[in-house]
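Enquirer: Quick check, what structure comes out for this input:
(one chain, ligands or ions: 1)
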Amino acid sequence: MKLIIAIVQDDDAGDLLDLLTEAGYRVTKLATTGGFLKSGNTTLIIGVEEEKINDVIKSIEVVCKKRKQVITSPSPVAGSTGVYVPYPIEVEVGGATIFVVDVDKFVRI
Ligand code: 2BA
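Expert: Numbers count the residues shown, from 1 in each chain. This is a model prediction of the structure:
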């Protein structure tokens, strides 16, 4: 048994949940926050047999799209003035960040 931890964008989470549950996978959805952008994203935890890992990753690839996001970061106008002017920074947020973790024991009661 493996645990797939997939961090995806909120906009893709609903479609991905539908696809995975319709294919018979058991999924838990967590509302999470990215440390860099400090905005919401979605983490799915999916327990699967090893031979299903590639199928799940393929489903994630089909649904989850890369997007550009612009954040506003303050920058000092001059080192010692203490005056900050916001300027936009564009980051590309990936379709998904996926961890596959070994599971020592799995019990459903
Ligand atoms: P955030 O931490 O909000 O990061 C959003 C995007 O900002 C990242 O997209 C990346 O393009 C950029 N970014 C993140 N940290 C950065 C930094 N220190 N300097 C410059 N740019 C940075 P992704 O890499 O696709 O990550 C999307 C989300 O997946 C992340 O949201 C975070 O919640 C999660 N994530 C990514 N890598 C992770 C890791 N190694 N461990 C845990 N969570 C991770």
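Enquirer: check which helix or strand covers residue 97.
Expert: When secondary structure is defined using DSSP states H and E, the element that contains residue 97 is strand 96-102.
Enquirer: So what's the residue count around whichever residue of the chain sits closest to the ligand?
Expert: The chain approaches the ligand most closely through residue 34 (2.1 Å), counting by CB to the nearest ligand atom. Bear in mind the C-beta positions are built from the backbone N, C-alpha and C, glycine included. By the other CB atoms under 10 Å criterion, the neighbourhood of residue 34 contains 15 residues.
Enquirer: which residue sits closest to it, ignoring its sequence neighbours?
Expert: residue 41 (5.1 Å; CB to CB, 6 or more residues apart in numbering).
Enquirer: Output the helix or strand encompassing the one you found as PDB, restricted to C-alpha atoms.
Expert: Residue 41 belongs to strand 40-48 when elements are defined using DSSP H and E. What follows is strand 40-48, C-alpha atoms only, in PDB (Å, rounded to 0.1, in the frame of the first residue of the first chain):
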ATOM      1  CA  GLY A  40      -5.500  28.300  -0.500                       C
ATOM      2  CA  ASN A  41      -4.700  25.100  -2.300                       C
ATOM      3  CA  THR A  42      -6.000  21.600  -1.900                       C
ATOM      4  CA  THR A  43      -4.200  18.500  -0.700                       C
ATOM      5  CA  LEU A  44      -5.600  15.100  -1.600                       C
ATOM      6  CA  ILE A  45      -4.500  11.900   0.200                       C
ATOM      7  CA  ILE A  46      -5.100   8.800  -1.700                       C
ATOM      8  CA  GLY A  47      -4.300   5.300  -0.400                       C
ATOM      9  CA  VAL A  48      -3.600   2.900  -3.300                       C
END
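Enquirer: and the angle from the helix or strand following it to strand 96-102?
Expert: Proceeding C-terminally, strand 40-48 gives way to helix 53-63 as the next helix or strand, assigned by DSSP H and E. Computed by axes from the mean of the first three to the mean of the last three CA atoms, to 10 degrees, the angle separating helix 53-63 from strand 96-102 equals 170 degrees.
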